[in-house]
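Undergrad: here are the coordinates; sequence isn't available:
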């Protein structure tokens, strides 16, 4: 490869190295799986570093790729029956784009099984997948006897976004639970407990949400305090007069929430949400907002209670298209959840910080020995439940670290869609190398380097790589630190690239670029 | 000139003809007055077609230019005294940029005099200018005996925008009436009546406004119904929670308003304002707004009661810079002023349309024989005055014709600042040719041509002309239909160009361009 590397500071929109699809292939830096004729939507990724496999849920198929080379793979075909497809067609849906089994949930269930859910042609269905005890068993097959109703796990409509996490045999899923795609909720299903969900038909809880990600973060050393965080975007609820808007959100739930006793029965009693702000400060206090949350990456630090959240946003405007990456700290998130609740006295009132007495135990606190003396959410006093029910949102917003994005990209013909981050140890410290997927099938490799201090970071766009034959929105990315490879999913296939390509930079420049 | 004209449809941002400052001069299409060494801010224009003069108020000077050729001019020097300048300096102001007499008001007063007000080094002052009975008199001088206090007419601070109109010996002026630039109001001064103004210290009336323009528009054939409309932008009042924003506004006043009797004494009782929307509809109902009103041009039609309003807007964001032109009809404005008033029960309430009983006569109606039987605003019932005082804003907004801008300009290195419009009669109908001034000293000549129907207009950017030697924001424009010339003001001077340059297009192309 002859691309010359310019190690001087370069303008925002110009990468130091730009590699076409052809150049990526020719330089042996890209391995592609170009998809099956009768499949698509290679978007539901599970990385299994131990077995060296990447499991991918797609249309009517589940794949198990060899992490070393994704051209080596096994596949399961899991289509819908003819009857189901016909029913879907009769309901007015598109045969190719909607009346198939789009795999929306794929999780590691235990040492021997995965758990998978698909849209089942607008009739969600789940099952287990046997992956055997050891990689050498070479087992990858559906457990035919295990089909379950997928309602509250997978959406009916493949276009809808779903976020889920499987913990201790229980599936937490943010999805739509009806054919029309109107009853959005965060559910907990599977396991031995009664299913539980967010309050229904209450736009204060969720207002047409699009779920982006779900993560478990410990709050203390006591597992009773563990919380599940959901990231989503939804319609802003205030301001019918000020015009429609999208807000990015982080929602919290206690893992040991089992619902209320008399009220909020089988509903979350610890659900709270806060707005995530990603904006550029402007003159006269008028900020430019990036509100359309697209993806989230959780970067763990030494302290598992305090990971850093990388979040990708785009603008809501169809005139001004732009993307941004904002960084959030979990301690800022917790501070907002411990701050005032958003309150309004009625539909014609504005949202104000709740000034009254907050019942004890404070809504949002997990039942545990750490913070108070109650054993279960079922023991919560009625007034706590009533308060929780009517105050799901916090008044204050979560602002990004340094109060501004670390990356903004405008006036380019693409928008960001996905992000993963690789933490690299260099001689002069740790660097987070971001891999940002775009809606035109390219991956940007960006590093934030300190300009003067660590509070004044400067982004350097190192590389822009085309990883799909044709422009397609990148819908999934996973990083294998063990393999030092990046895996990328899109509607048309899966691609694999090395994280770092020292052959292009050479050793001297690697130092230079991260200096 | 060798510039070739491409008469095919061209992309949004590319003009058919682009002429540099040099090319404009060389082709004899530009006459410039490059300013005096000890002056600047050539921004306050008065066109006198009858005498063939353009009067221009600037820093410490007032000019009278010959419309045929602005190189031929007379000037009045009207500086501040040394005492005033020293006082201004001691108050911490900038000697060159603030402690001078910036002429902010210049109006035709009667057949023999102009009326002029300047900032007077943060001590506003007004006077009359003798222009003689006939052009041949060649008189252009200050009336030395006529100095008056300029408070409520000109701002103290030259940076502040002021809009004014002089009707029947009375000056209507939107300005700041204090040294600190906080007490903004619309005043009526001069004449025989007691001065009158908007309610003080009430952000519902005016909230840090920047005044753009003032115009008289008859409402019926009865002059008693005449209204004065003020255009301005101001801080949005709702949404402390939703973030700061600017709103563009149109405000109305009755010419025969003399204030209330017991309440609103010497205050407007007929003031109402409505929001002007200039936005591009977006997906999911999230529109892209252009809120920073920059300039307004009133194009009169056959019916003097129903002119069309051309308005130039820019975005509030410093990340996404763009400009737009929106068109409004006075009948839409009147419909909004006859619609529901904006109402809220208290600070924690949202703005809602007022649903209760509106007192009679409806606040905002002028006292006249046309609409009801009261003779003066001083006769208005107390409840009308009380209602008017607490309901200055309308609930509904004024939307542009066709609900979208007729021109949008993004991803260019300039923004729109001024607009004038020339109505051209062509064989196939009337065309409005827009001359748009920018903040980099260029003038765009744009015509909106019907694509299929008159409701589906397509903008064609005909020309982009650089009319100042160095980049400077164009601050004033006037069109002389008699001379077929356009006059342009900026901080650095005044320029003059012909409206149409058929030598460049040729006759064939002129047809083509307007076809």
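TA: Done, it's in. A quick note: this is a predicted structure, and the numbers were derived from the prediction, not measured.
Undergrad: now do the strands in the stretch 251-400 of chain A.
TA: Under the criterion DSSP state E, counting those that start in this stretch, the stretch 251-400 of chain A carries strands at the ranges A:272-276, A:279-280, A:288-289, A:292-299, A:308-314, A:322-329, A:342-343, A:352-353.
Undergrad: cool, and the stretch 101-250 of chain A?
TA: Secondary structure of the stretch 101-250 of chain A (DSSP E, counting those that start in this stretch): strands at A:103-108, A:113-118, A:125-130, A:141-142, A:148-149, A:163-167, A:170-176, A:184-189, A:196-197, A:210-217, A:227-235, A:246-254.
Undergrad: what distance separates the fifth one from the centre of its chain?
TA: Taking the mean of its C-alpha atoms, strand A:148-149 sits 24 Å from the chain's own mean (CA atoms, centre = their mean, to the nearest Å).
Undergrad: in its sheet, what does that strand sit against?
TA: Using DSSP bridges, the strands paired with strand A:148-149 are strand A:125-130 (antiparallel).
Undergrad: what angle do the partner strand and strand A:184-189 make?
TA: Calculated by axes from the mean of the first three to the mean of the last three CA atoms, to 10 degrees, strand A:125-130 forms an angle of 40 degrees with strand A:184-189.
Undergrad: list the contacts of strand A:125-130.
TA: The set of residues external to strand A:125-130 that reach it, using CB atoms under 8 Å, 6 or more residues apart in numbering or on different chains, is A:62, A:76, A:78, A:101, A:105, A:109, A:112-118, A:139-144, A:146-150, A:153-154. From N, CA and C alone the C-beta is placed, and that goes for glycine too.
Undergrad: of those residues, buried ones?
TA: Buried members of the contacts of strand A:125-130, scored by 16 or more other CB atoms under 10 Å in any protein chain shown, are A:62, A:76, A:78, A:101, A:105, A:109, A:113-118, A:140, A:142, A:150, A:153-154.
Undergrad: ok, how many other residues are close to residue A:247?
TA: When neighbours are counted by other CB atoms under 10 Å in any protein chain shown, residue A:247 registers 26.
Undergrad: again, but for residue A:221
TA: Using other CB under 10 Å, residue A:221 has 9 other residues around it.
Undergrad: just residue A:469 next, same as before
TA: Applying other CB under 10 Å, we find 16 residues neighbouring residue A:469.
Undergrad: ok so, going back, chain B is nearest to which of the strands of the stretch 251-400 of chain A?
TA: The closest of those to chain B is strand A:288-289. By CB to the nearest CB, the value is 4.0 Å.
Undergrad: so what's residue A:283 up against?
TA: Residue A:283 makes contact with residue B:318, according to CB under 8 Å, 6+ apart.
Undergrad: same check, this time on the one 5 residues further on
TA: Contacts for residue A:288 (CB under 8 Å, 6+ apart) come out as A:279-280, A:282, B:317-320.
Undergrad: between those, which is nearest residue B:204?
TA: residue A:282 (24.9 Å; CB to CB).
Undergrad: got a list of what the closest one touches?
TA: Contacts for residue A:282 (CB under 8 Å, 6+ apart) come out as A:288, B:316-319.
Undergrad: change it to 10 Å
TA: A:288-289, B:244, B:315-319 (CB atoms under 10 Å, 6 or more residues apart in numbering or on different chains).
Undergrad: what is the nearest of the residues you listed to residue B:180?
TA: residue B:244 (20.5 Å).
Undergrad: quick one: that closest one from chain A, how far?
TA: Computed as CB to the nearest CB, to the nearest Å, the residue B:244 to chain A distance reads 4 Å.
Undergrad: which residue is the nearest non-sequential neighbour of that residue?
TA: Leaving out its chain neighbours, the residue that sits closest to residue B:244 by CB to CB, 6 or more residues apart in numbering or on different chains is residue A:285, at 4.2 Å.
Undergrad: hmm, that neighbour is touching residue B:236, no?
TA: No: between residue A:285 and residue B:236 there is no contact under CB atoms under 10 Å: 11.2 Å.
Undergrad: the two: who's more crowded?
TA: Neighbour count, other CB under 10 Å: between residue A:285 and residue B:236, residue B:236 has more, with 18 against 11.
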